[in-house]
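[1] let's see this in three dimensions:
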Amino acid sequence: MQIGKYYLDKTQEEIVKTEATYLLVTAGAGSGKTLTILGKIAYLINEKGFKETDILCLTFTNAAALSLKEKIKNELNLTVPTYTFHKLSLEILKDAKIEYEIADSNILEAIVNEFFTGDIYNSPYLLNLLLKYLKIPKQKQQEISKEELYQLEKTCISFISLMKCNNYKLSDFLIFLSKIKRTLNYRKYRQEKTILTMILNCFIKYQTYLIENNEIDFDDMIIKATKLIAEYFSKDLKYIIIDEYQDTSLIRFNLIKEIIKKTNSKLMVVGDDFQSIYKFTGCDISLFLKFSTYFPDAKIMKLEQTYRNSQELIEIAGKFIMKNKYQIKKELYSKKNLKDPIKIINYHDIQKSFLQIVKKLSNNINQKILVLGRNNFDINYILNSEVKLKKDKLIIKDYENLDITYMTIHKSKGLESDNVILLNLKQEITGFPSQIKDNQLFRLLYKNDSYSYSEERRLFYVALTKKKNYVYLLVPNKNPSIFIEELKKIKNS
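    Numbers count the residues shown, from 1 in each chain. Got it, this is the predicted structure:
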């Protein structure tokens, strides 16, 4: 089967032609998942007689939806409805003739900040709770530090955001309190109860603002649309395709379940549990790993041949990621060979070592270089008089013609490059893996992966598989990342 100038391989064609009602496709990095989606659409329309409007494609960002829509048009000359979950939800609300203003994305942050810098000082009860939590005497409330308040604000914002995308409600606070009372000793219970009380007040203030201003946030958009599907969803669907399914959250999952219930449509989801890296935004990897639990008649198929990475890299990266036995096992392989694709560069002076790599790669100015960091600030380690950052572009003295871009690994999701340079491979709190631990309260909202550094491991895997050729890992001589020690053992085994 041919799509544009590309031919589907045997496995891709099997996936395209399967008649499974519920299909999970686990797609390894660079394995042609988009081509497979295009193949499925072409097959449904050309071979099964579907109309374009019988199919619904969903993904998670505006950029991804636009890209998929353009590929469907350019490669298949078709116009298939392609949405983000939020755009689809907004359309459902409009069909139900329910109009809301969409809340500014910064409003939650502003309301929480207002609570901690203003409201709390007007409530003796709340102020007393805060002072006890911070271990500050009443007469010394001026000693409350901005940093401590900032950390509390961050906790409240994250907790409320995760609450909403996991469909928790105001009444669930009683369950949260009951749970921590049963599981913690008295001192820890008082501490967590204090933070929960702060979060509760911020949550009520935020929800009150939305109601009074007839506004909804992006999570409300999906939640409200889900409740309206039974009565107002009017699309006559036969097939739903979801890309990047490893990034789904509970409220998105509920939306799809309701649409399937209403339309009796079939479902194909495509993604890679190895690349699930957005737990902090509410993504729930269990919806991927336990797909057959949610859809008992599900069929699971695997795209295991990568067209991006070399066999040598896939073997190393695969052994690294599969140390976590909870991931779905995949035997990835490639017909491309490249000797020693992972370059571990030990440094004493990171700026000097970085420039040496750039000089080596400058022999081929047609190749793109992607510089990745675990954190936004990691770029500061290499900036100096010779290396400047202008927006996301690195300007390097004597190498101005090189296409070098800097971003975090999270932001690079979905991109690829010829070569990658990875920074900050230190075994420190803000190194890689990051050792910043979530507040223990977050265990109320999701279960922590039982395997150590599970999400950080997936993030590292994403960084390793971004490139077509070489990845250069900049590692300090002192206190190197434990991930580097693992890689060395795998490379030498």
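[2] contacts only, for residue 365.
    Counting by Cβ atoms under 8 Å, 6 or more residues apart in numbering, residue 365 makes contact with 401, 402, 403. Heads up, the C-betas are built off the backbone N, CA and C, glycines and all.
[3] quick one: it and residue 396, what's the gap?
    12 Å (Cβ to Cβ, to the nearest Å).
[4] between the two, what contacts are shared?
    Residues within reach of residue 365 and of residue 396 at once, by Cβ under 8 Å, 6+ apart, are residue 402.
[5] where does the prediction get shaky in this protein?
    Counting by pLDDT under 70, the ranges of the chain that qualify are 447-450.
[6] for the helix ranked longest in it, name the packing helices and strands.
    The single longest helix within the chain, with elements called by DSSP state H, is helix 186-212. Helix 186-212 sits against helix 107-117, helix 124-134, helix 146-165, helix 172-183, with contacts defined as 3 or more Cβ pairs under 8 Å, 6 or more residues apart in numbering; DSSP states H and E.
[7] these: which one's closest to residue 77?
    helix 146-165 (36.6 Å; Cβ to Cβ).
[8] list the contacts of that closest one.
    108-109, 112-113, 115-117, 134, 172, 195, 198-199, 202-203, 206, 217, 219-220, 223, 249-251, 280-282, 439, 441-442, 445-446.
[9] so what does the residue nearest the centre of the chain look like in phi/psi?
    Centroid-nearest residue in the chain: residue 278, 2.8 Å away (criterion: Cα atoms, centre = their mean). With angles defined as degrees, to the nearest 10, residue 278 sits at phi -120, psi 40.
[10] check contacts around it.
    Shown in contact with residue 278 (Cβ under 8 Å, 6+ apart): 247, 410.
[11] mind running it again at 6 Å?
    Neighbour list for residue 278: residue 247 [criterion: Cβ atoms under 6 Å, 6 or more residues apart in numbering].
[12] so it versus residue 84, what's the distance?
    For residue 278 relative to residue 84 (Cβ to Cβ), the value is 15 Å.
[13] burial count for the nearest residue to residue 233 once chain neighbours are set aside?
    Spatial nearest neighbour of residue 233, excluding adjacent residues (Cβ to Cβ, 6 or more residues apart in numbering): residue 262 at 5.2 Å. A count of nearby residues for residue 262, using other Cβ atoms under 10 Å, gives 16.
[14] helix or strand for residue 262, which one?
    helix 250-263 (DSSP states H and E).
[15] follow-up on the earlier one: direction included, what does the helix or strand just after the longest helix of the chain pair against?
    Counting by DSSP H and E, the next helix or strand C-terminal to helix 186-212 is strand 215-216. Strand pairing for strand 215-216, determined by DSSP bridges: strand 101-102 (parallel).
[16] what is the distance between the partner strand and the centre of its chain?
    Its chain's average C-alpha position is 25 Å from that of strand 101-102, according to Cα atoms, centre = their mean, to the nearest Å.
[17] can you list contacts of it?
    Identification of contacts with strand 101-102 by Cβ under 6 Å, 6+ apart yields residue 215.
[18] how far off centre is stretch 203-221?
    Centre-to-centre, stretch 203-221 and its host chain are 24 Å apart (Cα atoms, centre = their mean).
[19] list the buried residues in it.
    The neighbour-count check on stretch 203-221 (16 or more other Cβ atoms under 10 Å) flags 203, 206, 207, 209, 210, 216, 217, 218, 219, 220, 221 as buried.
[20] repeat that for stretch 400-407.
    402, 404, 405, 406, 407.
[21] closest to residue 322 out of the residues you listed?
    Using Cβ to Cβ, the buried residues of stretch 400-407 come closest to residue 322 at residue 407, 26.7 Å.
[22] please name the bridge partners of residue 2.
    When assigned by DSSP bridges, residue 2 has beta-bridge partners residue 7.
[23] kindly reformat the buried residues of stretch 203-221 as TSV containing distance to residue 330.
    Putting those into TSV (distance: Cβ to Cβ, whole Å) gives the following:
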residue	distance to residue 330
203	40
206	41
207	42
209	46
210	42
216	39
217	36
218	32
219	32
220	37
221	34
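[24] which single one of these is nearest to residue 123?
    Using Cβ to Cβ, the buried residues of stretch 203-221 come closest to residue 123 at residue 203, 15.6 Å.
[25] how close does that closest one get to residue 226?
    Per Cβ to Cβ, residue 203 is found 20 Å from residue 226.
[26] not counting sequence-adjacent ones, nearest residue to residue 40?
    In space, not counting the residues next to it along the chain, residue 40 is nearest to residue 16; the distance is 5.0 Å by Cβ to Cβ, 6+ apart.
[27] show me what the strand or helix carrying that neighbour is packed up against.
    Per DSSP H and E: residue 16 is located in helix 10-17. If you count contacts as 3 or more Cβ pairs under 6 Å, 6 or more residues apart in numbering; DSSP states H and E, helix 10-17 packs onto helix 33-46.
[28] please redo it, this time with the cut-off set to 8 Å
    Packed against helix 10-17 by the contact rule (3+ Cβ pairs under 8 Å, 6+ apart) you find helix 33-46, strand 299-303.
[29] right, and the ones you listed - which one's nearest residue 421?
    helix 33-46 (26.1 Å).
[30] contacts for the closest one?
    Contact with helix 33-46 is made by 1, 3, 6, 8, 12-13, 15-17, 25, 27, 50-52, 54-55, 57, 68, 71-72, 75-76, 78, 80, 238-239, 241, 243, 268, 270-272, 303, as judged by Cβ under 8 Å, 6+ apart.
[31] what is the nearest of the buried residues of stretch 203-221 to residue 378?
    Nearest to residue 378 among those, with distances taken as Cβ to Cβ, is residue 218, at 28.6 Å.
[32] element containing the residue nearest to that closest one when sequence neighbours are not counted?
    In space, not counting the residues next to it along the chain, residue 218 is nearest to residue 86; the distance is 5.4 Å by Cβ to Cβ, 6+ apart. Residue 86 belongs to helix 85-95 when elements are defined using DSSP H and E.
[33] which parts of that helix are buried?
    In helix 85-95, residues buried by neighbour count (16+ other Cβ under 10 Å) are 85, 86, 88, 89, 90, 92, 93.
[34] again, but for stretch 72-82
    Going by neighbour count (16+ other Cβ under 10 Å), the buried part of stretch 72-82 is 72, 75, 76, 78, 80, 81, 82.
[35] take these and write them to CSV, including distance to residue 455 and secondary structure.
    Conversion of those to CSV gives the following (distance: Cβ to Cβ, whole Å; DSSP: H, G, I helix; E, B strand; the rest coil):
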residue, distance to residue 455, secondary structure
72, 32, helix
75, 34, helix
76, 36, helix
78, 37, coil
80, 33, coil
81, 32, coil
82, 29, strand
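[36] most widely separated two among those residues?
    Greatest spatial distance in the buried residues of stretch 72-82: 75 and 81, 16.7 Å, computed using Cβ to Cβ.
[37] what ranges does the stretch 301-450 of the chain have for its helices?
    Along the stretch 301-450 of the chain, counting by DSSP state H, counting those that start in this stretch, helices occupy 311-321, 350-361.
[38] which of the residues in the last one are classified as buried?
    Right, the one you point to is helix 350-361. Buried residues in helix 350-361, counting neighbours by 16+ other Cβ under 10 Å, are found at 350, 353, 354, 355, 357, 358, 361.
[39] from residue 174, how far off is the fifth one?
    Using Cβ to Cβ, we find residue 357 at a distance of 56 Å from residue 174.
[40] again with the second one
    Computed with Cβ to Cβ, the distance linking residue 353 and residue 174 is 55 Å.
[41] also the fourth one?
    Spatial separation of residue 355 from residue 174 under the definition Cβ to Cβ is 58 Å.
[42] got it, and the third one?
    Per Cβ to Cβ, residue 354 is found 53 Å from residue 174.
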